[in-house]
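> what would the 3D arrangement of this be:
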Amino acid sequence: MRKALVITLTLLLSSLASASEIPQREILTYRISWNKLIGIAKASITMEKGEEVLTIKMKAKTVDPIDTFFSVRDYFFSSTPSDLSSFLRYEKRLKEGRYHRRDEVIYSPSTGELIYRKNGKLKSQKTVPPPLYDPCSILYAFRFRCSKESASCTIPSTDGKRVERIRVVPLAEETVKVPAGTFETIKVEPRWKKMKGVFRKKKGGHIYVWFTKDQRRIPVKVEVDIFLGKVVGELTGYEIK
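Take a look at the predicted model:
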């Protein structure tokens with residue numbers, strides 16, 4: 001279940017474009033299912049933009065009857081400068097059955113210092129030049145900082161332990177129907193080798209994300225290959241201000 005219970009995506013840019021208009025507040029909600037047959041969880045992404053700092057919160061919670069046998073309460077947090085020029089702090093808290101884990105990653109764009117802690121213990125400290133994004137902020141950096149005219153984007157990203165350049169490749173334009181409505185979308189595939197974060201695909205598997213074709217680039221659907229079939233996230237509602 002850890003392999004893909006929260007919605008999010010792993011993407012960024014070969015060169016930063018001037019930021020598109022970032023909303024002050026956004027709430028996206030999703031239904032998570034296995035092979036689109038069995039509902040397993042609910043998820044949400046909340047973004048709030050302040051004068052200096054932008055925050056992103058992702059939550060996932062299993063639903064009945066799955067919750068009775070294997071309870072999941074996963075939480076992801078990210079903070080960035082308000083212009084999404086890089087990330088500042090990333091936190092991952094996993095509660096999946098008896099498994100508990102907390103990761104924290106702190107980044108200073110001015111010095112390039114990257115600090116990674118697991119369950120409160122320092123695991124690594126290194127220097128990485130900006131820009132750099134975590135598994136939460138890459139979603140919004142792709143939407144609002146990546147040039148919409150580019151054929152693909154290459155994104156400098158980290159989960160704290162690993163640093164990797166993730167390539168996001170557009171595949172097709174498709175009409176997608178989800179609980180929130182019918183949308184004209186662009187289907188993309190983020191490609192990486194080792195980094196881990198919100199999604200954990202199986203080795204050799206794929207992640208596909210469908211974004212609306214308009215300037216908002218709302219992620220309306222995500223599909224992840226796991227060891228037993230696919231996990232699918234579909235947009236159930238959205239509020240944007």
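> buried sites along the lengthiest strand in the chain?
Among all segments of the chain classified by DSSP state E, the strand with the greatest residue count is strand 163-178. Neighbour-count burial for strand 163-178 flags Ile166, Arg167, Val168, Val176, Val178 (criterion: 16 or more other C-beta atoms under 10 Å). Heads up, the C-betas are built off the backbone N, CA and C, glycines and all.
> can you convert those into CSV and add a column each for distance to Val222 and pLDDT?
Formatted as CSV, the buried residues of strand 163-178 follow (distance: C-beta to C-beta, whole Å; pLDDT from 0 to 100):
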residue, distance to Val222, pLDDT
Ile166, 15, 87
Arg167, 17, 87
Val168, 13, 88
Val176, 11, 97
Val178, 11, 97
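> I figured Asp156 hits Pro131, correct?
Quick fix: residue 156 is Pro, not Asp. Yes. With contacts counted by C-beta atoms under 8 Å, Pro156 reaches Pro131, the gap being 6.0 Å.
> who's in contact with Pro129?
Gly112 (C-beta atoms under 8 Å, 6 or more residues apart in numbering).
> change it to 10 Å
Pro129 is in contact with Ser86, Pro109, Thr111, Gly112, Pro156, counting by C-beta atoms under 10 Å, 6 or more residues apart in numbering.
> please identify which of those is nearest to Phe70.
Closest approach to Phe70 among those (C-beta to C-beta): Pro156, at 34.9 Å.
> in which helix or strand does that closest one reside?
If you go by DSSP states H and E, Pro156 is part of strand 153-158.
> just give me the longest helix of this protein.
Secondary structure assigned by DSSP state H gives helix 137-144 as the longest helix of the chain.
> where does this protein have low pLDDT?
Along the chain, the parts satisfying pLDDT under 70 run over 1-20, 149-151, 194-204.
> mind jotting down where the helices sit in this protein?
Using DSSP H, the helices of the chain run over residues 66-69, 137-144.
> ok, Val209 touching Arg191?
No. Counting by C-beta atoms under 10 Å, Val209 stays clear of Arg191, with 11.8 Å between them.
> those two - which one has more neighbours?
Taking other C-beta atoms under 10 Å, Val209 and Arg191 do not tie; Val209 has more neighbours (28 against 16).
> OK, contacts around Ser137?
Here Ser137 is in contact with 8, 12, 47, 54-56, 78-80, 84, 86-90, 145, 157 (C-beta under 10 Å, 6+ apart).
> quick one, which of those residues are buried?
Applying 16+ other C-beta under 10 Å to the contacts of Ser137 flags 8, 12, 47, 54-56, 78-80, 84, 86-90, 145, 157 as buried.
> narrow these to those in strands?
Met47, Leu54, Thr55, Ile56, Ser78, Ser79, Thr80, Arg89, Tyr90, Ser157.
> return the member of the residues you listed nearest to Asp225.
So of those, ranked by how close each gets to Asp225 (C-beta to C-beta), first place is Ser157, at 19.7 Å.
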